[in-house]
Each structure stands twice: as structure tokens, then as C-alpha cells.
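# Predicted model, plus sequence, below.
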Amino acid sequence: MKYVGTKNIETNRLFLRKLTVEDAYNAFKNWCNKDNVDKYVLWKKHETVDITLKQYENWVLEYENPKTFRWIVELKENKEVIGTIDVSTKFLQYGTCEIGYCYGDEFWNKGYATESLRAVIKYLFEEADAELICAEYMSNNPASGKVMEKSGMKYEGILRSRVVDKDNKRNDLISYSITKEEYFNSKSCK
Ligand SMILES: CC(C)(COP(=O)(O)OP(=O)(O)OC[C@H]1O[C@@H](n2cnc3c(N)ncnc32)[C@H](O)[C@@H]1OP(=O)(O)O)[C@@H](O)C(=O)NCCC(=O)NCCS
């Protein structure tokens, strides 16, 4: 794994870049404070913008560590920020990148999550020399599984009863991944 950090990534419609503290206001408005988003994530909805501001202040400091891979996703057409995508540091030392992402509900079902996940997968394999990219979603969130599938990841299995969801029920996590070999083989077939 090469710790190349959070460099800018451009796709057809999106610009992925380091977030700033000022982004916290729009992040709060577009996703951190949304009930629709809250039911699919393990973190708690932000009740006040101060919570988002504090988080973004901490996240900006984390960029000093080159192991930090965390982008805010901006629409090229109007510079609106629509979500974030990041990599957990949990297994990074093994070249294993566990991805997390979240988008505001106004921007769902337009292919944006897939467009940015594909770009981040490309970046992690081609520039950061990752070995494996993986992600998990709760069984109440099939749209997220669709994003993983459309990005070339393969179904791995179910982590039974792994978490407690926002209805206070134990919920399974469904796991997807793509290896370096699968990624480069799929590219050479195109
Ligand atoms: C899950 C999430 C990232 C999807 O983002 P998105 O930008 O809408 O994703 P895309 O548009 O790229 O793809 C969504 C796909 O899911 C499909 N989909 C939407 N709702 C669905 C549902 N209830 N069941 C099955 N598929 C569904 C869409 O039709 C689309 O597939 P298609 O392109 O084949 O039509 C977004 O809803 C989100 O951020 N949710 C809240 C936070 C979250 O869930 N984070 C991930 C935690 S693992």
C-alpha cells in the first residue's frame, strides 16, 4: 500500500477533493442531518451543525496523516457538495481498503455513488497500490449493494447479526469486495 493520501479525482460529472471546515454547513444540510440518511448508517444523525463542524475540524487535521483517504464529492455543474467517500484505516497496513460512503437523499438514484466509487477503486488500485477493496451494507439498504455490484465488487457473504440498526433491531451486514487481480483482469478485457 502506498500512502498517497487524498488527491483530487475528477470524473465525468463529479469532483472528489479534500473536505474543508466550511463544507460542514452544506454537509449538515444535505446529509448529516437527514432522517432518510440516518436509517442506513451506523453513526447518529447530527442534531446541530456544531456536531458537523467539530467532525470536519477533526477530519481536516487528519489530512496531516498520509494514511487518510477521505473525499467530499462535489457536482461539477454547480459545485454543490453531495456526499463523502472514505477508507477505514482498520486493515490499511495489509493493503485492505474498507470503503464507506454517504450521499444526500436529494441526489440519490442518479448514479453519483457508483461514479465516485468506481473512481476511488481506480485510484486505490492504480495509485495507492491497494491489494483488496471491500465494503459492507446493512440488509435494509439494497441500493448500497447495487452500487458495490455496479462498481465491479463481488458478493462475499453475510456477517450475521453484526450490528444494531436504527429500529433497535440486530441486522446483518452484507459484504462485497474486489481484489487487485480482479480489477486489473477486468481492465485488460475491456
Ligand atoms: C446507498 C447510496 C450510497 C446510493 O447512492 P446513489 O447515488 O443513489 O447510487 P447510484 O445511483 O449510483 O445507484 C443506486 C442503485 O440502487 C438502485 N436502488 C435504489 N433503491 C433500491 C432499492 N430499494 N432496492 C434495490 N435497488 C435500489 C437504483 O435503481 C440504482 O441502480 P440502477 O443504476 O441499476 O438503477 C445512497 O442511497 C446513500 O448515501 N444512502 C445513505 C447512506 C448509505 O446508505 N451509505 C452506505 C452505507 S453502506
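Ah, there it is.
# Residues of the chain that sit close to the ligand?
For the chain, the residues in contact with the ligand (C-beta under 6 Å from any ligand atom) are 37, 40-41, 83, 101-103, 108-114, 137, 141-144, 146-147. In short, each C-beta sits where N, CA and C put it, glycine included.
# Please, where are all the helices along the chain?
Ranges of helices in the chain, per DSSP state H, are 23-27, 35-38, 49-62, 112-126, 142-150, 180-189.
# want to throw those into CSV with distance to L16 and mean neighbour count?
Formatted as CSV, those follow (distance: least, C-beta to C-beta, whole Å; neighbours: other C-beta atoms under 10 Å):
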stretch, distance to L16, mean neighbour count
helix 23-27, 13, 20
helix 35-38, 19, 14
helix 49-62, 14, 15
helix 112-126, 6, 20
helix 142-150, 15, 17
helix 180-189, 18, 12
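# how about those helices in TSV, adding distance to N8?
Shown next, in TSV, are the helices of the chain (distance: least, C-beta to C-beta, whole Å):
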stretch	distance to N8
helix 23-27	14
helix 35-38	25
helix 49-62	16
helix 112-126	10
helix 142-150	22
helix 180-189	21
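# and these, which one's lowest on average pLDDT?
Per-segment mean pLDDT for the helices of the chain reaches its minimum on helix 180-189, at a mean of 90.
# what packs against it?
Counting contacts by 3 or more C-beta pairs under 8 Å, 6 or more residues apart in numbering; DSSP states H and E, helix 180-189 packs against helix 112-126.
# one more time with 6 Å, if that's ok
Helices and strands touching helix 180-189, as assessed by 3 or more C-beta pairs under 6 Å, 6 or more residues apart in numbering; DSSP states H and E, are absent.
# Show me what that helix is in contact with.
Applying C-beta atoms under 6 Å, 6 or more residues apart in numbering, the external contacts of helix 180-189 come out as F125, E131.
# If we use 10 Å, what do you get?
The contact list for helix 180-189 (C-beta atoms under 10 Å, 6 or more residues apart in numbering) reads 95, 121-122, 124-126, 129-133, 152-154, 178-179.
# quick check, nearest of the residues you listed to the ligand?
Distance to the ligand across these (C-beta to the nearest ligand atom) is lowest for M153, with 11.9 Å.
# And for the closest one, nearest residue in space, chain neighbours not counted?
Y176 (4.0 Å; C-beta to C-beta, 6 or more residues apart in numbering).
# Give the burial count for the one you found, as a bare number.
22 (other C-beta atoms under 10 Å).
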